[in-house]
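**Q** Just a sequence and a predicted model for now, questions to come.
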Amino acid sequence: MQIAKARSTRRISGRREIEWVIGVLITAAAVYLHWVNFRSAGALWRDEAGVARIATLPTTREVWSNVGHESCPILFPALLRVWSFIVGGSDVALRAFGFIVGLLALGALWLNSWFFHRSAPLIALGLLAVNPSVVRWGDSLRAYGMASVLMLVTLAMVWRFVRAPNLKRWLAAALLAVISVQCLFQNSFLVLAVCAAAAAVSLRRQNFKSALAALGIGMPAAISLLPYRAIIREAQDWSVLSQIGFLPALIWTNLSDAMSPTVPWLRWLWITLALVAIARCVKGIRVMPNGTENDINSIALFAGTALIVGLIAFFIFLWIAKMPTKVWYFLPLTTFGAVCIDAALANWPARWQVWRTAFAILALVCLPGARELTSYRQTNMDLIASALSERADAHDLIIVHPWTFGVSFDRQYSGPTPWTTVPPLADHRFHRYDLFKAKMVLENPTQPVCDQVAATLRAGNHVWLVGDIPLSQTPPPQMQPAPNNPWGWLDDPYSDVWGAQVGYFVAMHAMHGEVVPVLSSNPVSPLENIQVVVVGGWQESPAVPDN
């Protein structure tokens with residue numbers, strides 16, 4: 001009996017050593033991808049430029065009063081502000097901040113695996129480590145990457161409390177919950193899921209006092225969000241411009257890209273593993289408590305419950321928000337879900353745990369595709385700004401369209417040529433949907449731009465069209481001021497028609513034009529891969545630019 005037990009112990013020890021080696025190798029591959037992303041991402045694109053500008057406003061009062069123009073609470077802009085003060089606010093310095101966040105995310109995976117099952121997080125690493133969506137958007141200069149890190153640390157701290165409840169661990173978990181929701185509003189729904197999971201385990205152990213304490217972990221976090229009530233109410237006035245409703249098809253597309261943008265079958269493996277983890281949770285409910293502190297069934301119950309409640313709560317958030325989802329919106333959910341799956345299935349099944357090792361190795365098939373996607377530039381706006389600084393004259397005119405491109409152009413361009421967006425806005429430091437909404441109720445908001453074009457071309461100077469301004473002699477569709485159109489308050493249709501109006505005016509009056517080549521050493525993300533056209537000459541009769 002003792003000899004058999006000793007052999008079993010040696011086999012487990014040997015298997016764990018192999019798992020640690022494989023985990024370290026996959027982590028090394030992930031670090032390489034983060035480094036590739038850091039070297040390749042380049043300048044900040046418009047969403048990153050907006051939050052960076054808010055973070056570096058002259059006073060903290062201004063930061064607080066403008067944080068409603070971003071999709072996150074105050075913590076992330078505050079971290080960027082401190083980083084910019086200490087390290088610098090250049091694009092490279094801020095990319096370094098994102099690189100560190102990516103490494104912290106890897107550390108959070110290992111932290112959770114140590115607290116849950118004292119082994120390598122092979123499942124979580126297999127799902128996340130070489131996932132290019134996780135690398136690119138986790139390292140992006142948005143709150144989603146840091147929020148994911150803080151949510152994973154919160155998950156670990158709550159589990160520590162569940163294992164051995166005491167005041168010190170409760171305070172640590174509550175503090176991390178507060179910090180987590182102060183980084184991203186969506187984290188509040190995941191904190192609710194973690195607290196519900198902790199209460200479920202305590203109830204399973206028939207410890208009603210700990211169950212109430214577990215639910216109370218989220219109370220300080222909820223209270224900490226009360227100061228944002230006025231900011232949220234104000235933001236609701238212009239958030240209507242982007243609300244398209246709860247669209248399952250769009251949500252599934254972006255969630256699929258978040259789970260696996262390069263290997264389609266891997267998203268179905270995600271779903272399979274999630275269902276198995278939920279099944280393990282159900283089994284954990286049926287099994288009576290055995291009184292051990294680190295009960296395997298308790299881990300499965302905790303992780304499975306957190307996964308179930310987290311999924312439900314997060315999709316309720318999407319239903320309430322009615323916003324068009326993007327891939328990066330799902331980063332906190334996918335990292336949270338992967339760690340919950342890893343915890344629930346770390347010791348399952350008892351005899352065939354080698355599957356975790358095989359799965360982690362199999363996930364490396366994503367590496368070539370991930371390497372390709374993380375080598376993309378986020379924008380070519382810096383290259384365009386440099387070209388315009390060299391070629392555009394102080395008496396020329398630059399038109400940037402759509403208006404959201406003005407945020408990154410404002411950060412990158414410092415030349416003498418006057419520039420405007422369609423329609424003209426008074427502030428391009430960050431996304432001013434409130435200013436754009438004010439233009440939507442006007443009868444002809446593009447007229448000032450057309451007047452500038454006419455004056456510039458008549459004077460013999462050039463107009464530089466940056467972005468997507470269609471040059472066509474086909475008259476654009478007519479529309480009424482908002483919301484007296486079929487699309488109501490949605491901003492994109494207005495922006496598209498206004499861009500077409502300016503393009504039609506240019507096509508009817510400019511005598512010649514050409515596309516300006518903007519070369520990049522690596523591919524550019526389609527989210528901000530911008531072209532430039534320069535036109536010149538003036539005539540009253542129609543003339544199509546020579547493209």
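**A** Here it is on my side, so go on.
**Q** Please name every helix or strand in contact with the helix or strand where Glu372 lies.
**A** Secondary structure assigned from DSSP states H and E places Glu372 in helix 367-373. Here helix 367-373 touches helix 2-40, helix 132-139, going by 3 or more C-beta pairs under 8 Å, 6 or more residues apart in numbering; DSSP states H and E. Yep, even glycine has a C-beta here, placed from its N, CA and C like the rest.
**Q** what about it, average pLDDT?
**A** Helix 367-373 shows a mean pLDDT of 91.
**Q** swap in stretch 36-43?
**A** Stretch 36-43 shows a mean pLDDT of 96 in the predicted model.
**Q** which parts of the helix or strand that the helix holding Glu372 is followed by are buried?
**A** Once the chain leaves helix 367-373, the next helix or strand it forms, by DSSP H and E, is helix 381-391. For helix 381-391, a neighbour-count test (16 or more other C-beta atoms under 10 Å) marks 381-385, 387-388 as buried.
**Q** cool, and stretch 480-500?
**A** So for stretch 480-500, counting by 16+ other C-beta under 10 Å, buried means 482, 485, 489-491, 494-496, 498-500.
**Q** Do you know the pLDDT at Ala394?
**A** pLDDT for Ala394: 96.
**Q** Let me fix that, I meant to ask about Ser202.
**A** 93.
**Q** so who does it touch?
**A** Neighbouring residues of Ser202 by C-beta atoms under 8 Å, 6 or more residues apart in numbering: 162, 165, 208, 210-211, 213-214.
**Q** Tabulate those in a markdown table, adding columns for secondary structure.
**A** Below are the contacts of Ser202 laid out as a markdown table (DSSP: H, G, I helix; E, B strand; the rest coil):
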| residue | secondary structure |
| --- | --- |
| Val162 | helix |
| Pro165 | coil |
| Phe208 | helix |
| Ser210 | helix |
| Ala211 | helix |
| Ala213 | helix |
| Ala214 | helix |
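**Q** Looking at those, which two lie furthest apart in space?
**A** Maximum pairwise distance among the contacts of Ser202 (C-beta to C-beta): 14.0 Å, between Val162 and Phe208.
**Q** and Cys450, how far is that from Gly503?
**A** Cys450 sits 11 Å away from Gly503, going by C-beta to C-beta, to the nearest Å.
**Q** and the two? which has more neighbours close in?
**A** Gly503 (24 against 17; other C-beta atoms under 10 Å).
**Q** related to what we said a few turns ago, list just the nearest of the buried residues of stretch 480-500 to Arg61.
**A** Using C-beta to C-beta, Asp491 comes nearest to Arg61 of these, at 28.6 Å.
**Q** And the closest residue in space to that closest one that isn't next to it in sequence, what's its pLDDT?
**A** Of all residues not flanking Asp491 in the chain, Leu241 sits nearest, at 4.0 Å (C-beta to C-beta, 6 or more residues apart in numbering). Leu241 carries a pLDDT value of 91.
**Q** Give the closest residue to Met387 in space, chain neighbours not counted.
**A** For the record, residue 387 is Ala, not Met. In space, Ala387 comes closest to Val518 once its chain neighbours are excluded; the distance is 6.0 Å by C-beta to C-beta, 6+ apart.
**Q** so who does the one you found touch?
**A** If you count contacts by C-beta under 8 Å, 6+ apart, Val518 has them with 380, 383-384, 387, 530-532.
**Q** Mind doing that once more with 10 Å?
**A** For Val518, the contacting residues are 380-381, 383-384, 386-388, 466, 524, 529-532, by C-beta atoms under 10 Å, 6 or more residues apart in numbering.
**Q** With Arg53 instead?
**A** By C-beta under 10 Å, 6+ apart, the residues touching Arg53 are 44, 66, 69-70, 77, 80, 89, 407, 410-411, 428-431.
**Q** and the gap between it and Arg95?
**A** Applying C-beta to C-beta, the value for Arg53 to Arg95 is 16 Å.
**Q** same deal with Val407?
**A** 17 Å.
**Q** How about Val158?
**A** Distance of Val158 to Arg95, given as C-beta to C-beta: 32 Å.
**Q** Could you check which of those two is surrounded by more residues?
**A** Using other C-beta under 10 Å, the more surrounded residue of Val158 and Arg95 is Val158, with 28 against 23.
**Q** Could you verify that that one is part of a strand?
**A** No. Read with three-state DSSP, Val158 is helix and lies in no strand.
**Q** right, and it touches Phe302 too?
**A** Yes. With contact defined as C-beta atoms under 10 Å, Val158 reaches Phe302; the gap is 8.5 Å.
**Q** Sketch out the low-pLDDT regions of this structure for me.
**A** For the chain, applying pLDDT under 70 flags the ranges 1-15, 284-294, 349-353, 541-547.
**Q** what about the closest residue to His395 other than its chain neighbours, neighbour count?
**A** Using C-beta to C-beta, 6+ apart and skipping residues adjacent in sequence, the residue nearest His395 is Asn461, 4.7 Å away. Residues within reach of Asn461, counting by other C-beta under 10 Å, total 17.
**Q** shared neighbours of Val158 and Phe302, anything?
**A** Counting by C-beta under 10 Å, 6+ apart, the contacts common to Val158 and Phe302 are 194, 197-198, 201.
**Q** Of those residues, which is the nearest to Met511?
**A** Within the shared contacts of Val158 and Phe302, distances to Met511 taken as C-beta to C-beta reach their minimum at Val194, with 64.7 Å.
**Q** give the contact list for Ile100.
**A** Contacts for Ile100 were tallied using C-beta under 10 Å, 6+ apart; they are 34, 38, 83, 139, 145-146.
**Q** which residues touch the closest residue to Val466 other than its chain neighbours?
**A** What sits nearest to Val466 in space, not counting adjacent residues and going by C-beta to C-beta, 6+ apart, is Val400, at 4.6 Å. Applying C-beta under 10 Å, 6+ apart to Val400 gives the contacts 381, 384, 406-410, 413, 419-422, 428, 464-467, 469, 530.
**Q** One more pass at 8 Å, please.
**A** Taking C-beta under 8 Å, 6+ apart, we find Val400 in contact with 406, 409, 419-422, 466-467.
**Q** Tell me the backbone dihedrals of it, please.
**A** Per-residue torsions, Val400: phi -110, psi 130 (degrees, to the nearest 10).
**Q** Turn the contacts of Val518 into a markdown table, including distance to Val178.
**A** A markdown table is the format used below for these (distance: C-beta to C-beta, whole Å):
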| residue | distance to Val178 |
| --- | --- |
| Asn380 | 40 |
| Met381 | 36 |
| Leu383 | 42 |
| Ile384 | 42 |
| Ser386 | 43 |
| Ala387 | 47 |
| Leu388 | 45 |
| Val466 | 43 |
| Val524 | 39 |
| Asn529 | 40 |
| Ile530 | 40 |
| Gln531 | 46 |
| Val532 | 46 |
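**Q** Let me know the closest of these to Ile26.
**A** Checking the contacts of Val518 one by one against Ile26 (C-beta to C-beta), the nearest turns out to be Val524, at 29.0 Å.
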